[in-house]
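>>> okay, predicted coordinates and the sequence, questions at the end:
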Amino acid sequence: MASPAQSVQRSFAAGVLLACRRLLCCAVVILCALVVVQAVAVEAFHVPTGSMAPALLGHHRVCVCPRCGQEVAIGRNAFDKDGTGESRYYRKAFCPNCGNHPLSLTKAAEVPGDALTVDRTAYLRREPSRWEIIVFRLLGHLYIKRLLALPGEEICIRDGDVYVNGRLCRKTLEEARRMRVLVFEHDKAPKDGWTDRWEHESAVQARESVSLLALRAPNTLTYRNYSLDARKCEPLRDEYAYNGGLHADSECVHDFSIETEIEISAGRGSLSLRLCDGQGWVEVLIPVGKRRPVEALAWGMETPVQVQKIAATQKTAALRVGSRYRIELAFVDRRLSLAVDGQHWLSVDLPEAGQRQGVPRPFQAQADGVHVQFHRFRLYRDVHYSQHGRNAVHGKSVHLGTDQYFMLGDNSANSEDSRYWADEGRVSGKELIGPVLQSQQTRP
C-alpha cells in the first residue's frame, strides 16, 4: 500500500503530465492556426517577366563584364520562347557601367525570376498607397506593377515624371532609393581606370576612390557620361541593360542621385555637392571642421549664373577630419534631399520644371580648404516613364473613378501596363491581390 507521500508524488506527476499534454495541444492548435493564416494571408509568386526591372527581375541571365567587372543581368528575349539562349537573341547586350558590347551570354545559364511574397489581407486593413508594388489580376492574367494613381485622381506622364491632378508627384528619399537605377559604379573600373569619366584640376584617382585636393585653393570634380568606345560625352538616357540592347526611341533622363562614402583627410572649410537635371543645378554646402548650418543653393543653366539660396538647416553641423561618412544626395522629382549616415539633414522642393536639356554631366563636387576622398561612389537615375502607349501620355490625361487605379512598370520601355490597356488603363480595386512584402533576388 502506497504511503501518503507516494500518493502525493503520483498525483503531482499526473498533474504535471496533464498540464504538459494541454500545453502541447495548445501549441499544436496555435501552430496549425498560424499555418492556415499564413496560407490564406501570404502567397508566394515568381516574377515571370522583366517589366519591373531592376527592382524585380524576371527570367534572366547573368554575366560579368570583361572590361570593368560589373555584374550584368539580361532578361529573357521575347523571341527566346524556351530560354535556350541562342546567341542571336542577345547579340546587342551591353554593360551599363562602361558600355562594353556585345556581352557573351551563350555560356550563362538562365536564372528563374525573383521570388516574392504577397500580403493578401493588406487591403482589408488599409487602402493601397502610391509607389508600392502590387500583384493584381486583369483579364485572367496576373500582373506585378507599381501603383501610380489612386481613385478620383487624374494622371498624366510628362518628361518621365508623373503628374496627378496637374501637380508633380514627388518621392521621399526612401521611395527614390527603392526605385533608383544604377548608372555608374566607380569601384567597377576598366584596366585603365575612369580617367575619361572624371574632369578635375587636381585630383587623384584609385580603383576604389577618387581624391579631391583643395587645401590651398578651391577645386572641382565633375562626373561626365563619357563613352569609352564612341570617345565622346553624351546625355544620359533611359537605357536598361536588362532589355538586352539599346532602343532607338530612348529619352533623356533628368533625375539623379548619388551614394558615396566621404572621408575628410585634412583641412577646414567646406564641401559642395551638386546635381543637375537639365533645368538647372542644385547644391548642398556642407561645413568641414567648424559647425554651421548646411545650406542648399540653386541656379539655372543660363549665363551669367544667378545663385539663389533655397534652404538651410536649423541645426548646425560639420564634417570632421579623420572621419568617414555615408552620403546620399538626390535631386528627384524636383526635390533635393540630403542624408548623412542614414539621418535626414535636408529636403526642399523646387518649382516644377519647364523644358529641360539633356544632361551629360549630372554630378559635381567642389572642395574648399580641405582634402576629400570619395569611396564607393555610385551614380543613379530615377525611373523614367516613357511616352509609349496611348493612355496618360502625349498630354492626354486619364481620370480615375471610384475604386480605380493606374499601374506602371519600372522598366517603362519594356512594360505592358496601364498605358496600353483598355478602359484607359483603369484597374478595378476588386482585382488587387495585395502588395509585395519582400522579394528574394535569384542568382546562379
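Thanks, I have it.

>>> just give me the longest strand of the chain.
Taking DSSP state E as the criterion, the chain has its longest strand at strand 256-276.

>>> strand partners of that strand, parallel vs antiparallel please.
Looking at strand 256-276 with DSSP bridges, its partner strands are strand 280-288 (antiparallel), strand 324-332 (antiparallel), strand 363-381 (antiparallel).

>>> okay, domains of this structure per the record?
8-43, 116-171+393-440, 176-381 (automatic domain parsing).

>>> what is the rounded mean pLDDT of the longest one?
When pLDDT is averaged over domain 176-381, the result is 95.

>>> that one: end-to-end distance?
Distance across domain 176-381, first residue to last, is 9 Å (C-alpha to C-alpha, to the nearest Å).

>>> please enumerate the strands of the stretch 101-250 of the chain.
110-111, 115-119, 133-138, 141-149, 154-158, 161-164, 167-168, 181-185, 198-200, 203-206, 209-214, 219-223, 226-227, 232-233 (DSSP state E, counting those that start in this stretch).

>>> now the ones you listed as JSON lines including distance to Phe377?
Heads up, the C-betas are built off the backbone N, CA and C, glycines and all. Below are those laid out as JSON lines (distance: least, C-beta to C-beta, whole Å):
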{"stretch": "strand 110-111", "distance to Phe377": "28"}
{"stretch": "strand 115-119", "distance to Phe377": "30"}
{"stretch": "strand 133-138", "distance to Phe377": "28"}
{"stretch": "strand 141-149", "distance to Phe377": "28"}
{"stretch": "strand 154-158", "distance to Phe377": "31"}
{"stretch": "strand 161-164", "distance to Phe377": "26"}
{"stretch": "strand 167-168", "distance to Phe377": "28"}
{"stretch": "strand 181-185", "distance to Phe377": "8"}
{"stretch": "strand 198-200", "distance to Phe377": "10"}
{"stretch": "strand 203-206", "distance to Phe377": "11"}
{"stretch": "strand 209-214", "distance to Phe377": "7"}
{"stretch": "strand 219-223", "distance to Phe377": "8"}
{"stretch": "strand 226-227", "distance to Phe377": "15"}
{"stretch": "strand 232-233", "distance to Phe377": "18"}
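
>>> grab the nearest non-local neighbour of Leu213.
Spatially, and ignoring its direct neighbours in sequence, Leu213 is nearest to Ser202 (4.8 Å; C-beta to C-beta, 6 or more residues apart in numbering).

>>> neighbours of the one you found, how many?
Neighbour count for Ser202, taken as other C-beta atoms under 10 Å: 15.

>>> got the angle for the longest strand of the chain vs strand 181-185?
On the basis of axes from the mean of the first three to the mean of the last three C-alpha atoms, to 10 degrees, strand 256-276 is oriented at 70 degrees to strand 181-185.

>>> off-centre distance for strand 256-276?
Relative to the chain's own centre, strand 256-276 is displaced by 21 Å; criterion: C-alpha atoms, centre = their mean, to the nearest Å.

>>> picking up where we left off before, figure out which of the strands of the stretch 101-250 of the chain is closest to Arg21.
Closest approach to Arg21 among these (C-beta to C-beta): strand 115-119, 34.9 Å.
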